[in-house]
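*Asks:* sequence first, then the predicted structure, then my questions.
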Amino acid sequence: MSVYPIDEMIQKFRTLTKQLSYYGEAIELMAWDLRTGAPRAAAPARAETIGGLSEISFRLGNSEEMEQCVQAILTAPEDQVDAVTRRMAVQADRSIRRSKQIPPDQYKEYVILTSEAESVWEEAKAKKDFTLLAPYLEKIIDTLRRFIPIWDIDGLAASHPYNVLLDAFEPGFTVEELDRFFALLQERLVPLVKTIASKSLPEQPWMGLVVPKDAQKTLNRTVLQAVGFDFERGRLDESEHPFACGLHNTDVRITTKYVETDFLNALYSTLHECGHAMYEQQIDDQYMKTNLGTGTSMGVHESQSRFWENAIGRSRSFWDWFFPIMSKQLPDALGGQGFEDFYRALHRVEPSLIRIESDELTYSLHILIRYRLEKALFDGSLAVRDLPKAWNDAYTEILGVTPAHDGEGVLQDVHWSGGAFGYFPSYAIGNVYAAQLLETMGGQIPDWREQVSNGDFSAIRVWLKEHIHTHGSAIDPKPLMERVTGSAFNPEGYIQQLTDKYSVIFDLNR
Ligand code: ZN
């Protein structure tokens, strides 16, 4: 029984969460600075500060005071706590229960292990030598195996230990559901990819042509401004790996990377990050400086980036609008290619080795491979030392290509060295969610294609704001998608949209 009146506990809880958001904002901003322009020599000192602030914030978030507030709120009669505060307490409770059972020294050891492993990964990738990273991966997986029963507050591990990792990124998803999903992808997409890849590949004459960085910058800004990225509440910078960083709905920063000999690379990664950014820019003010002030899951976040990158950015209507603008701004960039050939070439399908360079159609198959390997690593059916061979076999089976070395195989992604097992499926879930949203939006804004071909994206932006963005983390991903699209997760629609689109472009039905 709480000795304080509930109003006082709510007040205290609100103050504590606000303080946590101050730390979060400071840490994020420092991390952004490290990746965009901080002097190289500053890295160790800044990392120490970030580590120190994280520790203080961790202690605050798991303090006795915080726990008392959360418990008082969760056990108070419904009519004494407003809905937002209750949801904030539910989220805080989940995070406390997950983290407080881990002995702090073990957690600290794990953080050090993964940060060492990330730099070893860089070296291993450069040397194409998996054996350098293997002992670290073994330790990381061992540690996670020990943490899983502790994190398992909902009894998810009983059916599969990997469920617990999955749930941290994508609440509500299990191995059972994803097994079905990825089996469906394999059954339906692999033959489609094979059929298209057997046709002659359309030429991409723009590849290799130099488009100076400044000209690309102007082009990228034109697109961002048109789709509605709010420059009053955000900025665009450059970094080695493009990312989005949401500090507050008034300060959302994205980066891109300009490749002079492939100008569409920056254009699409800018659109992708812009999708993430507009999500954060359009979250309702009432959630700012609370634990609900960001996207609700990795998968829903990724649905927003994929929506703008693929559903809109690779639509015919988008290019009806943008092709003339681009041709005017960069008259030589396309190597003289006309609209129809360009649009077909933009959808070139080619099974490849590298996930981040893959096309719209094969992308989720790269995720399928990672999902199966992760699951096997955690149910004990795959040992770390056998991972490179399992990786290469899976690429040969699913995509028909085989890595020549580990640098373009098992070592290509940073995720595992950082301990992020269970993260990859969110990318594929995001693709499915983007397709569901496109379908629902199409029913509610029937002339969206016409609007886009006129360069008007405002109705789409408002629709996404109203249905997804404004809620921040106030609603879990599955109930949110169910409410907006009528289905918590429906891969059929995603596969059908891809099949329809590519059948038209590559004339498959004749
Ligand atoms: Zn993304």
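*Replies:* Received it, and whenever you're ready, just let me know what you need. Computed from a predicted structure; not experimentally measured. Residues are numbered from 1 along each chain as shown.
*Asks:* work out for me the element the residue most central in space within the chain sits within.
*Replies:* Most central in the chain under C-alpha atoms, centre = their mean is Glu302, positioned 4.1 Å from the mean C-alpha point. Assigned by DSSP states H and E, Glu302 falls within helix 298-306.
*Asks:* so what secondary structure elements neighbour that helix?
*Replies:* helix 263-281, helix 425-444, helix 477-485 (3 or more C-beta pairs under 8 Å, 6 or more residues apart in numbering; DSSP states H and E). Backbone N, C-alpha and C define where each C-beta goes, glycine included.
*Asks:* need the contact partners of it.
*Replies:* 169-170, 173, 244, 272-276, 278-279, 295, 423, 425-427, 429-434, 437, 464, 468-469, 477, 480-481 (C-beta atoms under 8 Å, 6 or more residues apart in numbering).
*Asks:* the residue lying closest to Arg14 once chain neighbours are set aside: what secondary structure?
*Replies:* In space, and not counting its chain neighbours, Arg14 is closest to Thr85: 7.1 Å by C-beta to C-beta, 6 or more residues apart in numbering. Classification of Thr85 by DSSP: H, G, I helix; E, B strand; the rest coil places it in helix.
*Asks:* look up how far Gln186 lies from Leu133.
*Replies:* With distances taken as C-beta to C-beta, to the nearest Å, Leu133 is found 28 Å from Gln186.
*Asks:* what about those two, which has more around it?
*Replies:* Ranked by neighbour count (other C-beta atoms under 10 Å), Leu133 and Gln186 place Leu133 first, with 25 against 16.
*Asks:* so Lys18 is in which element?
*Replies:* helix 6-36.
*Asks:* re the thing from before, out of the helices and strands packed on helix 298-306, flag the one nearest Pro5.
*Replies:* helix 477-485 (31.8 Å; C-beta to C-beta).
*Asks:* what's in contact with the closest one?
*Replies:* Residues contacting helix 477-485 (C-beta under 8 Å, 6+ apart): 170-172, 296-297, 299-300, 433, 436-437, 439-440, 467-468, 471, 475, 487-489.
*Asks:* measure how the helix or strand that that helix is followed by sits relative to helix 425-444, angle-wise.
*Replies:* Per DSSP H and E, the first helix or strand lying C-terminal to helix 477-485 is helix 491-505. Helix 491-505 runs at 70 degrees relative to helix 425-444, counting by axes from the mean of the first three to the mean of the last three C-alpha atoms, to 10 degrees.
*Asks:* give the buried residues for helix 491-505.
*Replies:* 491, 493-495, 497-498, 501-502, 505 (16 or more other C-beta atoms under 10 Å).
*Asks:* so what pLDDT did Lys108 get?
*Replies:* For Lys108, the pLDDT comes out at 81.
*Asks:* secondary structure of it: a helix, I assume?
*Replies:* Yes: per three-state DSSP, Lys108 lies within a helix segment.
*Asks:* which ones are touching the residue nearest to Arg14?
*Replies:* 10, 13-14, 73.
*Asks:* may I see those organised as a markdown table, with distance to Ile283, neighbour count and pLDDT added?
*Replies:* Below are those laid out as a markdown table (distance: C-beta to C-beta, whole Å; neighbours: other C-beta atoms under 10 Å; pLDDT from 0 to 100):
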| residue | distance to Ile283 | neighbour count | pLDDT |
| --- | --- | --- | --- |
| Ile10 | 22 | 22 | 97 |
| Phe13 | 20 | 22 | 98 |
| Arg14 | 18 | 16 | 98 |
| Ile73 | 22 | 23 | 97 |
